[in-house]
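Asker: with the sequence up front, the predicted model follows.
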Amino acid sequence: MVVYKSIYRVTKIKDPFKKVKKSCTRRLLDVYPEFKEKIKNSKDALYTALKFATLANAIDLGANPDFVLEEELRNFTIRDFDVCDYSEFKYALKRARNVLYIADNAGETVFDRLLIEELNRPVIYVVRENPIINDAIMEDALDAGLDKVAEIISSGCDAPGTILKLCSWKFRRIFARADLVISKGQGNYETLSNCRRQIFFLLKLKCPVIARDMGFPTGSVVLSRNRNAS
């Protein structure tokens, strides 16, 4: 985080990834109707939406600046979860009156929207306070149309994760009271995995350190409940 802030200070560019974030979001909005139809026609719409949202976590310029969007989209039809606590997620969702959804990267926000449309619950969608790498901020969420399906707020934190002590009082209160918390991406897993409340993590494991911590191979596509939940 310090390195990126130093770069921004020297270059005087507040959001150096803005152009590529917008381009990625526009491309994914182009395929939004296609994937909406795939979800609708699948045997289990919720499962398929969860899978697509998790596979979209591969859109990460911080972890893989050389990713090819078209190749990743083709993977959506052939990849599945490697680890999936789906039955536990369905049970938690059934009991939940509301959902807190913590975003990761811009672009994949379009697939977050597809998933939210299948949750059938009031959703608060959480973005970063300020630009950091290609993580989603308020502008990116609005570009993806998240305001049509959720209330959008900032966590108050501009780190590439959700460091609770750096988050706003408003976010911490909502986080504590939410019936169901969904967390996208490695950065959020790194900063929230030790929480004592139940969280469902959706992510693609791109880093061997995180893969080792979760106990799954690098490259795994994961829907996993927080094992530290009390």
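Answerer: Noted; the coordinates are in hand. Numbering: from 1, shown residues only.

Asker: quick one: the residue nearest the centre of the chain from Phe52, how far?
Answerer: The centroid of the chain falls nearest to Lys184 when counting by C-alpha atoms, centre = their mean (2.9 Å). Separation of Lys184 from Phe52 (C-beta to C-beta, to the nearest Å) stands at 12 Å. For every residue, glycine as well, the C-beta is placed using N, CA and C.

Asker: can you check Arg227 too?
Answerer: Distance of Arg227 to Phe52, given as C-beta to C-beta: 25 Å.

Asker: looking at these two, which one has more neighbours?
Answerer: More neighbours surround Phe52 than the other of Arg227 and Phe52, with 25 against 9 (other C-beta atoms under 10 Å).

Asker: and the more buried one, what is it in contact with?
Answerer: Phe35, Lys38, Ile39, Phe76, Phe111, Leu114, Leu115 (C-beta atoms under 8 Å, 6 or more residues apart in numbering).

Asker: give me the neighbour count for the nearest residue to the fifth one once chain neighbours are set aside.
Answerer: I take that to be Phe111. Excluding the flanking residues, the one nearest Phe111 by C-beta to C-beta, 6 or more residues apart in numbering is Ala56, at 3.8 Å. Ala56 has 27 neighbours, counted by other C-beta under 10 Å.

Asker: now Pro122
Answerer: 12.

Asker: surely it and Leu100 touch.
Answerer: No: assessed by C-beta atoms under 8 Å, Pro122 is found out of contact with Leu100, at 10.1 Å.

Asker: downstream neighbour of the lowest-mean-pLDDT helix or strand in the chain in the secondary structure list?
Answerer: Taking mean pLDDT, DSSP states H and E as the measure, the helix or strand of the chain with the lowest value is helix 2-11, at a mean of 58. For helix 2-11, the following helix or strand on the C-terminal side (DSSP states H and E) is helix 18-41.

Asker: report the separation between Ile59 and Ala178.
Answerer: Taking C-beta to C-beta, one finds Ile59 at 25 Å from Ala178.

Asker: more neighbours: those two, which one.
Answerer: Ile59 (28 against 21).

Asker: so the more buried one touches Val68, yeah?
Answerer: No: taking contacts as C-beta under 8 Å, Ile59 lies outside contact range of Val68: 10.5 Å.

Asker: can you give me the helices in this structure?
Answerer: Ranges of helices in the chain, per DSSP state H, are 2-11, 18-41, 45-55, 69-75, 86-95, 109-119, 138-143, 169-177, 185-192, 208-214.

Asker: thinking again about what came up before, mutual contacts of Lys184 and Phe52, please.
Answerer: Overlap of the contact sets of Lys184 and Phe52 (by C-beta under 8 Å, 6+ apart) is empty.

Asker: excluding chain neighbours, what is closest to Thr25?
Answerer: Spatially, and ignoring its direct neighbours in sequence, Thr25 is nearest to Asp143 (4.9 Å; C-beta to C-beta, 6+ apart).
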